[in-house]
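>>> all I have is the shape, not the residue letters:
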């Protein structure tokens, strides 16, 4: 299956552009994005369709995948029978599809279309694939995850790839930059090669994306405990990447995703990807004076979340509304906080008794609350705490309602300019309600000890890369 | 018949539109539209065969703001009401919508929306007497439309679209289980738009 190949690729490629991103970290506060191209919506739509055709044909011609055996009859059946919820693996549905949807979004962004204008392309690409790319009925959960997740992955990839690429570079460094940007924005990378931009030297320095960026790499060990009947606990090596692009306190809101946070955690012996969380600002408005000691910014943000422990899985696509605040307690100590109400457009959750047929998790909409606070001393985050609550009503799988809460605290002791040692303690609790007298509650504690390396806005006084992260 | 006359009216309206009206295609500030139309409901589920369907009427109201000349964002409420074999059915939705004008000098747009749905539908659960049951869930919709300005702040908007409403597992009054119920509302409507 292409999905399996995509997942393998996913495990390898996220780390590829990191050295380039770290090299490109800047302390400049000029956040002028690259100049927009002339919009070419028809070309973008053509590329979206082209991506689907290429992926579909490769899977049939090269791999003879059963699901790729399409015909006019399968198209007609898919249109006639309509949508359903599929039974694919949690990681495929809740991570693989959102990541793949980013390709469609980037077809728009790379053809000069803005953020909002590119969003329909993820819906179009997903609908095309669901109706015509497979011989199975179109899947509603794929449409949600590919379309909404694709917007996030696409925009984040578009912005990070603009940082990695450098038209002023030549020779080997240039080739490395172009290659490193491909996992972030494959469609843009291919277009640049076709247009010859990948090989052309240009002095576009002033037009490059100089948004302040902080990269935080953590490596250490992780203990995960399952409070269920088996009381399993396991240790594993773990790696975590935090990327903070822009700062809500640096400049007024300019455009969607002018500020975003990305957190990615990977533990080889504990199921691979444990956490992926991306929160991008869609809108912001400062409610206070930008010179005030206490600043509050009203914010609307889009979120992608994927949590996978040894015994729990939760993820979804959300829109959050709330406030981001900064209090300058002293000239050297700041407290930053975030408080968001959340609309979970569609989530997926694993639980004993959940699911249908081969699937062991449910889908449904929901709502939630997110609160976090961090203490920054001399610009470095030394302590942060977070609490998150979500309610999910199942619409596919078992007739259930779920409530999860996830609390965590994290401390970091800086050592020198760029290093630090830290510890994290988290507690994930899940209540599964299958009806009167049929409730189940499980808790999953987690500990992590790590060495951290930070680059970029490590000492930026108003940056909070660890905020609102699990 | 009703659909044909609706389509003919729309075509006539667009054919007689004056080029000067193009100057009214400005998209900024707040917009509001309210409309009505005809629609068809189809209810399917994993255990329902064949899908049940019914004709009816739909009303909708939407309000929002322009993000750019390409995109409007807003909130849309829609109610479809109809009946099938004397069983009354209703699908109510509340969605966040984005309206995209790929060619902003024209009135053509694509509207996407997602939100929550509250449905009272009658699935075909293989029981002799069909009854309507309630379900709640998520909805996603898409429609194609055309804005035809008739004054500086007013336009007539025609839309044709589909909504996919996932209502979950619902137990019918007859005891049957409608598993993974999905209701589709196909709609053709005319609205008055204020901006």
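Noted; the coordinates are in hand. As the structure is a computational prediction, the values presented were derived from the model and not from experiment.
>>> got the residues of chain A near chain B?
Chain A comes close to chain B at residues A:41, A:81-85, A:114, A:116-117, A:119-120, A:123, A:127, A:140, A:143-144, A:319, A:345-346, A:356, A:364-365, A:393-396, A:398-399, as judged by CB under 8 Å from any CB of the partner chain. From N, CA and C alone the C-beta is placed, and that goes for glycine too.
>>> do you have the helices of chain B handy? List them.
Using DSSP state H, the helices assigned to chain B run over residues B:2-15.
>>> by mean pLDDT, flag the weakest helix or strand of it.
Least confident helix or strand, chain B: helix B:2-15 with a mean of 53, by mean pLDDT, DSSP states H and E.
>>> equivalent analysis for chain A, please.
helix A:2-12 (a mean of 43).
>>> what's the neighbour count on the closest residue to residue A:66 other than its chain neighbours?
Nearest residue to residue A:66 in three dimensions, chain neighbours excluded: residue A:135, at 7.7 Å (CB to CB, 6 or more residues apart in numbering or on different chains). Using other CB atoms under 10 Å in any protein chain shown, the number of residues around residue A:135 comes to 17.
>>> what's the answer for the one 5 residues further on, then?
With neighbours defined by other CB under 10 Å, the count for residue A:140 comes to 25.
>>> that one reaches residue B:167, doesn't it?
No: Residue A:140 lies out of contact with residue B:167 (CB atoms under 8 Å); the separation is 11.6 Å.
>>> give me the common contacts of these two.
Counting by CB atoms under 8 Å, 6 or more residues apart in numbering or on different chains, the common neighbours of residue A:140 and residue B:167 are residue B:182.
>>> the residue nearest to residue A:66 sits in which helix or strand?
Counting by DSSP states H and E, no helix or strand carries residue A:135.
>>> next one: it from chain B, what distance?
18 Å (CB to the nearest CB, to the nearest Å).
>>> which ones are touching that residue?
Residue A:135 sits next to A:66, A:67, A:68, A:69, A:70, A:71, A:74, A:78 when contact means CB under 8 Å, 6+ apart.
>>> going through those residues, which ones are buried?
Among the contacts of residue A:135, the ones that count as buried by 16 or more other CB atoms under 10 Å in any protein chain shown are A:67, A:68, A:70, A:74, A:78.
>>> so who does the first one touch?
With contacts defined as CB under 8 Å, 6+ apart, the neighbours of residue A:67 are A:1, A:59, A:134, A:135, A:136.
>>> out of those residues, who's nearest chain B?
residue A:136 (13.5 Å; CB to the nearest CB).
>>> for the closest residue to residue A:414 other than its chain neighbours, grab the count of nearby residues.
In this structure, residue A:414 finds its nearest non-sequential neighbour in residue A:420, 4.6 Å apart by CB to CB, 6+ apart. Residue A:420 sits with 21 neighbouring residues when counted by other CB under 10 Å.
>>> tell me the secondary structure for residue A:420?
Of the three states, residue A:420 takes strand under DSSP: H, G, I helix; E, B strand; the rest coil.
>>> pLDDT score for it?
At residue A:420, the pLDDT value in this model is 92.
>>> quick one: it and residue A:410 touch, right?
No: the criterion here is CB under 8 Å, and residue A:420 misses it with residue A:410 at 11.2 Å.
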